[in-house]
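Visitor: Sequence first, then the predicted structure, then my questions.
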Amino acid sequence: MLDVMLSVPTQALIGGTWRDAESGRRFDVRDPATGHVVASVSDCGAAETRAAIAAADEALASWSAMPAAGRAAILRRWADLMIERVDELAPVLTRENGKPLTEARGEILYGASYLHWFSEEATRAYGDVIPAPASDKRIIVTKAPVGVCAAITPWNFPNAMLVRKAAAALAAGCTLVAKPAAETPLSALLAAATGLEAGLPPGVFNIVPGVDAAAIGGVLTSSEVVRKLSFTGSTEVGRKLLAQCAPTVKRVSMELGGNAPFIVFDDSDLDAAVDGLMASKFRNAGQTCVCANRVFVQNGVMAEFASRLAERVATLTVGHGDRSGTDIGPLISEAAFAKIERLVSDALAGGARVLTGGGKHPAGDLFYQPTVIDGITADMAVMREEIFGPVAPLAGFETEADVIALANATEYGLAAYVYTRDLGRAWRVGEALAYGMVGINEGVLSSAAAPFGGVKQSGFGREGSRYGLDDYLEIKYMLMGGLSA
Ligand code: SIN
């Protein structure tokens with residue numbers, strides 16, 4: 001494990017130039033595994049955000065006028081460079097976020113897959129010609145870029161969440177100002193540097209790191225130039241940003257919190273269900289919006305499933321993400337750690353039982369043992385709140401109708417998972433679940449080809465797939481008349 005300051009860009013990127021904050025202030029980025037400072041980054045605020053918006057506005061006319069094939073070629077080069085540089089980018093991601101190196105590599109490739117995907121979608125922003133109600137008229141529908149967009153991105157996927165927004169926005173012909181999470185700005189700055197090298201013209205992609213989220217977010221949301229905000233993060237912050245965007249009537253995409261049910265029916269392939277849960281629950285130490293949060297197991301197979309799961313979870317290796325063989329890294333912060341402790345103690349006080357794990361891991365202050373608890377009931381905090389940690393709570397259920405009701409009893413609606421070998425049941429339950437995404441006999445749903453997004457208080461808008469481009473396009477209707485001879 002290295003304890004050196006990383007050599008990476010640490011300034012804002014505004015109009016194609018790397019700049020320090022006007023105040024001269026900087027903030028520290030820490031390795032959550034050790035608490036050591038790994039970089040010091042320009043601490044930008046309102047002034048730099050305004051400058052970045054102006055740069056994005058200036059770049060808009062020429063970027064949106066560039067033929068889509070030209071924009072596509074730059075996005076493709078950006079993806080190829082990220083793939084070539086994966087061995088440089090992944091260790092930085094691990095250092096600031098804590099996730100194991102293999103996952104960090106996976107995240108860079110995942111981010112690059114959105115650039116590849118949207119480089120292809122860029123050329124397919126088709127319009128329509130609609131039969132008009134009169135013979136001397138034609139209805140023409142075209143798609144135009146929304147304009148200057150803003151992105152506020154989270155620490156749990158510091159490369160991929162930024163790149164998947166940028167890929168869609170830039171493919172559509174929009175320009176972008178991004179604010180990365182203060183915990184993990186380095187991967188975002190590296191992604192920006194790679195984009196510049198790939199040929200992004202000045203001002204097309206601007207990035208403003210800083211700890212004062214309210215100042216940066218305040219300028220982004222109140223600006224009349226910014227026509228759209230895309231946010232990935234908590235529902236609580238999403239609500240505030242939505243309110244802030246209302247006065248300027250911005251378009252918004254919100255990828256917010258989740259409380260994913262993972263349902264195991266007694267007819268399912270239990271080994272496949274355990275594999276799926278391991279992949280869903282323990283990716284990034286359980287710090288994903290889509291990970292299984294509530295595990296519902298039909299009573300007839302509960303004992304067998306719980307014992308197979310606990311056995312597998314006990315084999316996970318906890319440690320610094322740099323070490324080979326690490327499966328579970330640290331949590332991102334003391335607050336995240338304290339939340340897991342609170343949720344587990346609340347469950348135990350209510351009568352739940354630890355099958356494996358259940359406390360702090362000796363690897364360091366922010367490491368929590370991969371944990372399985374059973375005897376969970378619907379009233380416990382662990383069932384109502386997003387855990388965001390390596391804890392799998394198991395609750396029994398009796399019938400299909402019962403579990404659908406339990407699964408839908410939440411204000412969230414991002415991802416859900418169902419394991420069954422009964423085809424009819426798979427369709428019935430899949431359709432009855434009030435979620436934006438449902439994995440049927442699959443524990444990992446994410447892919448550039450698929451529409452990622454939620455319903456209810458998990459947000460709206462879709463990222464990835466052909467639908468993802470629409471989030472950055474306006475529909476324009478022209479009526480052409482006077483066609484009679
Ligand atoms: C997230 O948890 O925020 C995103 C996860 C993914 O894209 O797979």
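Guide: Looks like it came in fine. Please read these numbers as outputs of a predicted model, since none were measured by experiment. Numbering: from 1, shown residues only.
Visitor: Strands of the stretch 51-200 of the chain, residue ranges please.
Guide: 128-130, 138-145, 148-152, 175-179 (DSSP state E, counting those that start in this stretch).
Visitor: for the most centrally placed residue in the chain, what are its contacts?
Guide: In the chain, the C-alpha nearest the mean C-alpha coordinate belongs to Met161, at 4.7 Å (C-alpha atoms, centre = their mean). Met161 is in contact with 153-154, 232, 255, counting by C-beta atoms under 8 Å, 6 or more residues apart in numbering. Yep, even glycine has a C-beta here, placed from its N, CA and C like the rest.
Visitor: Take those residues and lay them out in JSON lines including distance to Phe296 and pLDDT.
Guide: Output for the contacts of Met161, formatted as JSON lines (distance: C-beta to C-beta, whole Å; pLDDT from 0 to 100):
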{"residue": "Thr153", "distance to Phe296": "31", "pLDDT": "98"}
{"residue": "Pro154", "distance to Phe296": "27", "pLDDT": "98"}
{"residue": "Thr232", "distance to Phe296": "26", "pLDDT": "98"}
{"residue": "Glu255", "distance to Phe296": "24", "pLDDT": "98"}
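Visitor: now, which of those lie close to the ligand?
Guide: Under the cut-off given by C-beta under 6 Å from any ligand atom, the ligand has Thr232 from these close to it.
Visitor: In helices only, show me the contacts of Met161.
Guide: Judged by DSSP state H, the contacts of Met161 include no members of helices.
Visitor: Just the buried ones from the contacts of Met161?
Guide: Among the contacts of Met161, those that count as buried by neighbour count (16 or more other C-beta atoms under 10 Å) are 153-154, 232, 255.
Visitor: now, which of those sits nearest Leu190?
Guide: Among those, Thr153 lies closest to Leu190 (C-beta to C-beta), at 13.5 Å.
Visitor: Wait, the closest one touches Arg164, no?
Guide: No: contact criterion C-beta atoms under 8 Å: Thr153 and Arg164 do not qualify, at 9.3 Å.
Visitor: Count the residues that sit near Ser447.
Guide: 14 (other C-beta atoms under 10 Å).
Visitor: Next, the contact list for it, please.
Guide: Ser447 neighbours (C-beta under 8 Å, 6+ apart): 113, 464.
Visitor: Check which residues of stretch 344-362 are buried.
Guide: Neighbour-count burial for stretch 344-362, with 16+ other C-beta under 10 Å as criterion, is recorded at 344, 347-348, 352, 354-358, 361.
Visitor: Just the C-alpha atoms of that stretch, please, in PDB.
Guide: Output in PDB follows, covering the C-alpha atoms of stretch 344-362 (Å, rounded to 0.1, in the frame of the first residue of the first chain):
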ATOM      1  CA  VAL A 344     -27.600  -3.400  13.200                       C
ATOM      2  CA  SER A 345     -28.100  -2.600  16.900                       C
ATOM      3  CA  ASP A 346     -31.700  -1.600  16.300                       C
ATOM      4  CA  ALA A 347     -32.400  -4.900  14.600                       C
ATOM      5  CA  LEU A 348     -30.700  -6.900  17.400                       C
ATOM      6  CA  ALA A 349     -32.700  -5.000  20.000                       C
ATOM      7  CA  GLY A 350     -35.800  -6.000  18.100                       C
ATOM      8  CA  GLY A 351     -35.000  -9.700  18.200                       C
ATOM      9  CA  ALA A 352     -32.800 -10.200  15.100                       C
ATOM     10  CA  ARG A 353     -29.900 -12.600  15.200                       C
ATOM     11  CA  VAL A 354     -26.400 -12.300  13.700                       C
ATOM     12  CA  LEU A 355     -25.400 -15.300  11.500                       C
ATOM     13  CA  THR A 356     -22.000 -13.900  10.600                       C
ATOM     14  CA  GLY A 357     -20.200 -10.600  11.100                       C
ATOM     15  CA  GLY A 358     -22.100  -8.000  13.100                       C
ATOM     16  CA  GLY A 359     -19.400  -5.500  14.000                       C
ATOM     17  CA  LYS A 360     -16.300  -3.500  13.300                       C
ATOM     18  CA  HIS A 361     -13.500  -5.300  11.400                       C
ATOM     19  CA  PRO A 362      -9.900  -5.000  12.700                       C
END
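Visitor: From the chain's centroid, how far away is that stretch?
Guide: 28 Å (C-alpha atoms, centre = their mean, to the nearest Å).
Visitor: which residues of the stretch 101-250 of the chain fall in helices?
Guide: Assigned by DSSP state H, counting those that start in this stretch, the stretch 101-250 of the chain shows helices spanning 101-121, 160-172, 185-198, 213-222, 235-245.
Visitor: what's around Arg138, how many residues?
Guide: A count of nearby residues for Arg138, using other C-beta under 10 Å, gives 15.
Visitor: how about the residues of this protein that lie near the ligand?
Guide: Proximity of the chain to the ligand, by C-beta under 6 Å from any ligand atom, involves residues 156-157, 232, 288-290, 446, 452.
Visitor: Let me see the backbone angles for Met437.
Guide: For Met437, the backbone dihedrals (degrees, to the nearest 10) come out as phi -140, psi 140.
Visitor: ugh, wrong one, I meant Thr17
Guide: According to degrees, to the nearest 10, Thr17 has phi -120, psi 140.
Visitor: Could I get the contacting residues of the nearest residue to Leu81 once chain neighbours are set aside?
Guide: Distance criterion C-beta to C-beta, 6 or more residues apart in numbering; nearest residue to Leu81, sequence neighbours excluded, is Thr194 at 4.9 Å. By C-beta under 8 Å, 6+ apart, the contact set of Thr194 is 78, 81-82, 85, 89.
Visitor: The residues you listed in helices, which ones?
Guide: Mapping the contacts of Thr194 onto helices (DSSP H) picks out 78, 81-82, 89.
Visitor: Give me the contacts around stretch 209-227.
Guide: Residues outside stretch 209-227 that contact it (C-beta under 8 Å, 6+ apart) are 12, 21, 27, 41-46, 48-50, 53-54, 56-57, 146-150, 152, 177, 179-180, 182, 185, 188-189, 208, 229, 241, 244-245, 247-248, 250-251.
Visitor: just to revisit the earlier point, make CSV out of the ones in helices among the contacts of Thr194 and add neighbour count.
Guide: Shown next, in CSV, are the ones in helices among the contacts of Thr194 (neighbours: other C-beta atoms under 10 Å):
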residue, neighbour count
Trp78, 28
Leu81, 20
Met82, 25
Leu89, 28
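Visitor: how would you label the residue in the stretch 351-485 of the chain that the ligand sits nearest to: helix, strand or coil?
Guide: Residue of the stretch 351-485 of the chain nearest the ligand, by C-beta to the nearest ligand atom: Ser446 (3.2 Å). When classified by DSSP: H, G, I helix; E, B strand; the rest coil, Ser446 comes out as coil.
Visitor: go on, Val252?
Guide: Secondary structure state of Val252, per three-state DSSP, is strand.
Visitor: could you measure it against the ligand, distance?
Guide: Distance of Val252 to the ligand, given as C-beta to the nearest ligand atom, to the nearest Å: 17 Å.
Visitor: Could you list which residues are in contact with the nearest residue to Val92 once chain neighbours are set aside?
Guide: Excluding the flanking residues, the one nearest Val92 by C-beta to C-beta, 6+ apart is Leu186, at 5.2 Å. Contact partners of Leu186, counting by C-beta under 8 Å, 6+ apart, are 6, 8-10, 29, 38-39, 41, 92-93, 95-96, 158.
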